[in-house]
Structures are given as C-alpha cells and as structure tokens.
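Trainee: Any chance you can model this:
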Amino acid sequence: MSPDAAAAGAPLSLPAQALASAAFTRSGRLILADPVFTQTFGSDLQPAPPAVGAWRLSAEPCLDGDTAVVLVAAPLAARRWPLSPAIAAAGEGEAGLIVLTYRPFAHPSLVQRACDGWRLTSLEGRVVAALLGRDNLRAAARSAGVAYETAREAIASALRKAGARRQADLVRRLHMAVGLGDFDLAETGLLAQALGLSQRQAGVGRLVAMGLTRPEIAATLQVSEHVVKAELKRLFEVLGVRTAGALSEVVVQASVLLAVAGADNLAHAAQADELRPLRLLARPDGGGRIALSDYGPASGAPTFLMHSALTGSLIDRGLIGALQRRGLRPIAIERPGFGLTDPPQGEGEVGAQRAAADMALVAGALRLKSVRLLCRGGEAAALAFAETYPQLFAGGVLLNPFRPYEVDTRWDGLMNMAKRMISAQPQLIEPIAAFLVRRASPKSMAGIVREAVKASPADLAALEDPRVLADYVASARLAALATPWGFIQEQSGYIGWRPPTLADGRSWTRMVGEQDVLYLPGEGDEVWDTALPGHQVIRVPEAGRLIHASHPEIVAAATAALV
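Mentor: Next comes the predicted model:
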C-alpha cells in the first residue's frame, strides 16, 4: 500500500499512553522496544515487512489474551508517526522496520476518560470496563462485583447514553471519547487490503463495529445470513478474536492506524489531561451526537462558550481560568457539523435552529436552570437560542460579532481575502473548507494564524505566549474533525444575513477589539444597535480579533456582569 492510500485529511490527536512502538531489523529481530510494547507483546513478536508498498497492518496476539493491531513500515515511511524518541532514533540507525500499536483500552485512565465522555455513572463505567473485550455479561458482572440484573441495567443505560445499538457499537463510540478526535471506519477496500481480508469480510467487520445485527448485515450486503455467519467465523479466526466487541476493537484500531499511516495532520498528547474535557451527548431518536467540553466547576454559574467558525471546543486556558475565577462554569459546545457534533439529521433542518436545540438539550442533560452565552462566533445560533428558549437564557456577550457584507468595507489581509471570495463567489466556500482541513497540521496552522492577524499588534503580542498559540492551534484543528459541514453551512448562511431584531437587547453585551483585523472600527454598529436595542457596548482599543486571549479578564468580567 502506498503512503497516500489513506485519505486522512481530518486532524487526529492520539493520547500518548495508548501508543507503543518498537524497532526491528528487516528480518524481524527486535532491536529496541518501548516498555509498554514489551508488556503488550513480549519479545517474541516477529513482524513481516510489507509485501507491497510502504506499510502493512496485522492483528497480533497480546500477552493478556487480547488481540491488537500493529502498523509496520520501513523507517522512512514511519518518519511522521508518533514514535518515542528512542524508537525514532533507532529508525535513523540500524532498524529496518518500525512497528506501532494503538491500544487505548489497556489503560484504565483512558477507559475512565471514555466513560466520563459519555457521562456514565461509576457503576456503568465499571460494568462497561469489565465488558470490554468480552460479550459475556455474567462474567463482566462478576468482574465488576455486581449482580447480573444490576449489570444488565447498567449496560442498557450506557448504550442509551451513548446512542449505541449494541456492545460492538459502544466500543466504537467509547473510542470517540478517549480524546483522539473523530474517525471514520476505514473504507472496506482499504481495510481489506490492510488486514489481508476479502472485501466481504472487511464489510462484515465494519458493519459489526457499527452495531448492525446479523440480519441487518445480510440485508446491507445483499447476502444470506448463513454467508454472514460464515464470514464472521472466518474473521474471528483470522484476527484472533472471540467476540463482536473484540472484533469492533480490532476494526477501530486498524482504522486509527490507517489514518496514522496516511496522515500528515497528526498530533499526540503526552497526557490525556492535556486534551479537552470532552463529553458526548446522544440526541434523542437517533439524531446523532453533541460534543462539548465542561470545564467546571459544577458550583459555577453555567456559561455556554460558542466557538468561531474556525475553531472547536478546546478554549484558551487563560480565558477558562478567568471565567472560573469570576465564579462561572465554562461549557463549550460544538455546533452542528463542527468538531465531533453531528450535522442535523432531519431533512431541511437549519444549522442555527439545530444548534439552539442542542444547547437546550445540553442544559437539560446537565440540569441547568439558566445559562449565559459567551460568543466568539455562532451569532445566528445564539440569537435563536435566546428567542426560542427565553426561560434558559441569562444574557450574552458577543465578541467582535459578524458584520453584514453590505456594510463591511474592510478587505485587506488573509482573512479578508477569504471573506471577499466567499461573499463574491459562494461556490468557493467548500474548496476553502477543504483547504483549511488539509492545512490543519499544527505547524501549518500556527503559520496561518500568525499571517491572518499580522495587522493587529495586540493579536501578534498575544500569540507570543506559547500557550495562547498552542491553544488556538489545537482548537482550530478541532473545527473539522469529522466534516466541514458546519463551516460550509455557516459561511453560506452569512451571505445576506442580518441579525434579527429582538424586542429587548438589554441582556446582551457587545465587546469590540478596535484592532480587529476582520472589521473596521464602528462599521456595523447601526446593524447591531437595531438588532439589540438597549444593549451595552464595550470597546477595547488595545485588543483585536483574539480579544478572548489577549484580555481574558475583561471578557470574564463582562460575562459575570450579565443579568
């Protein structure tokens, strides 16, 4: 397989605890291995080099009886993989093969993170952890130290919270909450070629991981149930697994490693705690999932943070700290089609309306009586929420809000060049989104951010702080994890959009950084004065587009002052 075989354009971040690597000679003799790699496979693993192309996958038995997928390549093909320094150095020397494995559920901290992500209770998490890798609920109940009926109720609740149909589907959804970001199960052809399976076997494995039953798989593949049963038996033999849950785990591991093999757009965190406090909420009636980051504390006044069109729910740490010091509880929600939040599932459903409904669902799930809004973007969704759910709305702050194109005359710089193209040629929105996804590697994104704000001394000064730059880049990489749908929908919606006029705007504050590279000072004031009669305006001469990062205390004070 060639290094370009995997179409892995979306960003992918992997927790380092889940990764282990080793260096071998071309003949398969072990030279050096990470301790975790040795604990997983011992010293007897003998990887075969790729028969054709740059890399290959194989399912290998682990010392604990499970099966794990390994990615094998020559050192040159592995140079961008997330390897430990020692293994990377070995790749520069005598090593002829580099081997990488990804096994998150071997680490209790990552299992806990996955369970927390779907808001499972302690009991539900214990049962799920005991059930991973096995389909025997009675054995899992014994391992978790609970009665069988208690375990059955716990796993039913876990499936319901995650929106999963069956245990195999739950395994896939737990991976989403580990903190790595989203992934699509590999295309059947790619998975078949990588694992040495037939096309039909790979299709069966993929559908099992998606939670389909045997009759549903037969209907989908247009074969008999007998054929599906035979293919499953063969899959279990070839991959060395015994259950549908274990098969799902192997398919997901293979899909993640395929993305690693083909991705330039990859990052990995030294600790899972460095990633966002991800939580996932299933919409009712199979409507997809909502992703959010609840930064706490639970005692703080709930504040929904709305990201810009180019970022996700990993928010600047300085702003989070400033909000928490003011007694607030920051909760960042990714809008439909951004990050890990699914696009609307209904025909003709508007993104802003779905976003407002998602915010209400989050408020209900977290049992919040009212929420403040702090918006770096998503003005249409924010106003829709305030109008549709007035009983939940406690006021909002708009940071450098959108100015309608008809009153906007600033067109200099990188961001405004894109704005001009979008307003004049809407058909370019989708190609621009694709370009941003392709260029979302950490290094490329850092360069784009600096270039975009170079006309703002305040923003450039803020980006001199390595934490500010790292947080912005990490958040920007989240925007199109699963799909660019959100960006495309919002940018298309802005063409011709004006904010609706509310009867009373006194619960809103508009904060403007006068060094904003996107708009000229004062332009659009009359539009927002009309839309939000009586609202407060705060102008900050020493701030620009990144006012949330350069002046977090001022932003937090305005948010805390909302009534």
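Trainee: Low-confidence stretches in the stretch 451-563 of the chain?
Mentor: Across the stretch 451-563 of the chain, residues meeting the criterion (pLDDT under 70) sit at 478-482.
Trainee: Now do the strands in it.
Mentor: 508-513, 536-540 (DSSP state E, counting those that start in this stretch).
Trainee: cool, and the stretch 51-200 of the chain?
Mentor: Counting by DSSP E, counting those that start in this stretch, the strands of the stretch 51-200 of the chain are 55-61, 67-73, 97-102.
Trainee: Neighbouring strands - and their directions - for the last one?
Mentor: With DSSP bridges as the test, strand 97-102 is paired with strand 19-24 (antiparallel), strand 67-73 (antiparallel).
Trainee: in stretch 387-394, what's buried?
Mentor: By 16 or more other Cβ atoms under 10 Å, the buried positions in stretch 387-394 come out as 389, 392-394. Any C-beta I mention is one placed from the backbone N, CA and C, and that applies to glycine too.
Trainee: now swap in stretch 542-553 and tell me
Mentor: Buried-residue list, stretch 542-553, by 16+ other Cβ under 10 Å: 543-552.
Trainee: if we can go back for a sec, tabulate the strands of the stretch 451-563 of the chain in TSV, adding columns for mean neighbour count and distance to Ala560.
Mentor: TSV is the format used below for the strands of the stretch 451-563 of the chain (neighbours: other Cβ atoms under 10 Å; distance: least, Cβ to Cβ, whole Å):
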stretch	mean neighbour count	distance to Ala560
strand 508-513	25	11
strand 536-540	16	13
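Trainee: can you put those in TSV and add distance to Arg142?
Mentor: Converted to TSV, the strands of the stretch 451-563 of the chain look like this (distance: least, Cβ to Cβ, whole Å):
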stretch	distance to Arg142
strand 508-513	56
strand 536-540	60
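Trainee: Out of the ones you listed, the one nearest Ala78 is which?
Mentor: strand 508-513 (44.0 Å; Cβ to Cβ).
Trainee: which helices and strands does that closest one pack with?
Mentor: strand 393-399, strand 536-540, helix 547-550, helix 552-560 (3 or more Cβ pairs under 8 Å, 6 or more residues apart in numbering; DSSP states H and E).
Trainee: Partner strands of the second one and their direction?
Mentor: Strands that pair with strand 536-540, judged by DSSP bridges, come out as strand 508-513 (parallel).
Trainee: Could you tell me the angle between the strand it pairs with and strand 393-399?
Mentor: 20 degrees (axes from the mean of the first three to the mean of the last three Cα atoms, to 10 degrees).
Trainee: Show me which of the strands of the stretch 51-200 of the chain has the highest average neighbour count.
Mentor: strand 97-102 (a mean of 25; mean count of other Cβ atoms under 10 Å).
Trainee: Sort out which residues of stretch 218-235 are buried, please.
Mentor: Buried, per 16+ other Cβ under 10 Å, within stretch 218-235: 218, 221, 223, 228, 231-232, 235.
Trainee: what's around Ser423, how many residues?
Mentor: 17 (other Cβ atoms under 10 Å).
Trainee: In contact with it, which residues?
Mentor: Contacts of Ser423 were listed using Cβ atoms under 8 Å, 6 or more residues apart in numbering, and they are 405, 495.
Trainee: Offset the numbering so it begins at 145, please.
Mentor: Happy to do that; since the first residue is 145 now, the last one works out to Ser567.
Trainee: Looks to me like it is in a helix.
Mentor: Yes. Counting by DSSP: H, G, I helix; E, B strand; the rest coil, Ser567 is part of a helix.
Trainee: Can you tell me how far it is from Thr674?
Mentor: According to Cβ to Cβ, to the nearest Å, Ser567 and Thr674 sit 21 Å apart.
Trainee: Equivalent analysis for Gln183, please.
Mentor: 65 Å.
Trainee: What of Gly522?
Mentor: 20 Å.
Trainee: So which of the two has more stuff around it?
Mentor: Gly522 (31 against 14).
Trainee: pLDDT at that one, what is it?
Mentor: Gly522 is assigned a predicted lDDT (pLDDT) of 93.
Trainee: ok, it touching Gly637?
Mentor: No. Look at Gly522 against Gly637 with Cβ atoms under 8 Å: they stay out of range, at 10.6 Å.
Trainee: Quickly list what's touching both of these two.
Mentor: Ala496.
Trainee: Stretch 550-562 spans what distance, first to last residue?
Mentor: The separation between the terminal residues of stretch 550-562, taken as Cα to Cα, to the nearest Å, is 16 Å.
Trainee: quick check: mean pLDDT across it?
Mentor: 82.
Trainee: ditto for stretch 450-470
Mentor: 87.
Trainee: what's the answer for stretch 276-291, then?
Mentor: 84.
Trainee: what distance separates that stretch from the centre of its chain?
Mentor: 30 Å (Cα atoms, centre = their mean, to the nearest Å).
Trainee: ok, and for stretch 185-196, which residues are buried?
Mentor: 185, 189, 191, 194.
Trainee: Out of the residues you listed, which is nearest to Val506?
Mentor: Closest to Val506, out of all of those and judged by Cβ to Cβ, is Phe185, at 41.9 Å.
Trainee: contacting residues for that closest one?
Mentor: 204, 206-207, 212, 245.
Trainee: Likewise for Leu163?
Mentor: 226, 244-246, 412.
Trainee: Model confidence at it, what's the number?
Mentor: Taking Leu163 on its own, its pLDDT is 91.
Trainee: what does Val348 give?
Mentor: At Val348, pLDDT is 92.
Trainee: quick revisit: which of the contacts of Leu163 lies closest to Val216?
Mentor: Leu244 (8.2 Å).
Trainee: gap between that closest one and Pro610?
Mentor: On the measure of Cβ to Cβ, Leu244 and Pro610 end up 28 Å apart.
Trainee: quick one, helices of the stretch 595-707 of the chain?
Mentor: Assigned by DSSP state H, counting those that start in this stretch, the helices in the stretch 595-707 of the chain fall at 601-607, 610-622, 629-638, 669-675, 691-694, 696-704.
Trainee: got TSV for those, with distance to Val271 too?
Mentor: Output for the helices of the stretch 595-707 of the chain, formatted as TSV (distance: least, Cβ to Cβ, whole Å):
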stretch	distance to Val271
helix 601-607	46
helix 610-622	30
helix 629-638	34
helix 669-675	50
helix 691-694	40
helix 696-704	39
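Trainee: and those, which is most packed in?
Mentor: By mean count of other Cβ under 10 Å, the helices of the stretch 595-707 of the chain have helix 691-694 as the most buried, with a mean of 27.
Trainee: Give me the distance from that one to the chain's centre.
Mentor: 23 Å.
Trainee: just stretch 605-617 next, same as before
Mentor: With Cα atoms, centre = their mean, you get 20 Å for stretch 605-617.
Trainee: try stretch 379-388
Mentor: With Cα atoms, centre = their mean, you get 29 Å for stretch 379-388.
Trainee: outside of that stretch, which residues touch it?
Mentor: Under Cβ under 8 Å, 6+ apart, the answer for stretch 379-388 is 203-205, 211, 277-279, 310-312, 339-341, 345, 348-349, 352, 391, 393-394.
Trainee: Next step: these restricted to helices.
Mentor: Of the positions in the contacts of stretch 379-388, 311-312, 339, 345, 348-349, 352, 391, 393-394 sit in helices, assigned by DSSP state H.
Trainee: What is the nearest of those residues to Ala606?
Mentor: Glu393 (42.3 Å).
Trainee: wouldn't that closest one be in contact with Leu275 here?
Mentor: No. The pair Glu393 / Leu275 is not scored as a contact, 11.7 Å apart, by Cβ under 8 Å.
Trainee: The two: which has the busier surroundings?
Mentor: Regarding Glu393 and Leu275, a neighbour count based on other Cβ under 10 Å identifies Glu393 as having more, with 28 against 25.
Trainee: Quick check: that one vs Ala221, distance?
Mentor: Applying Cβ to Cβ to Glu393 and Ala221 gives a distance of 25 Å.
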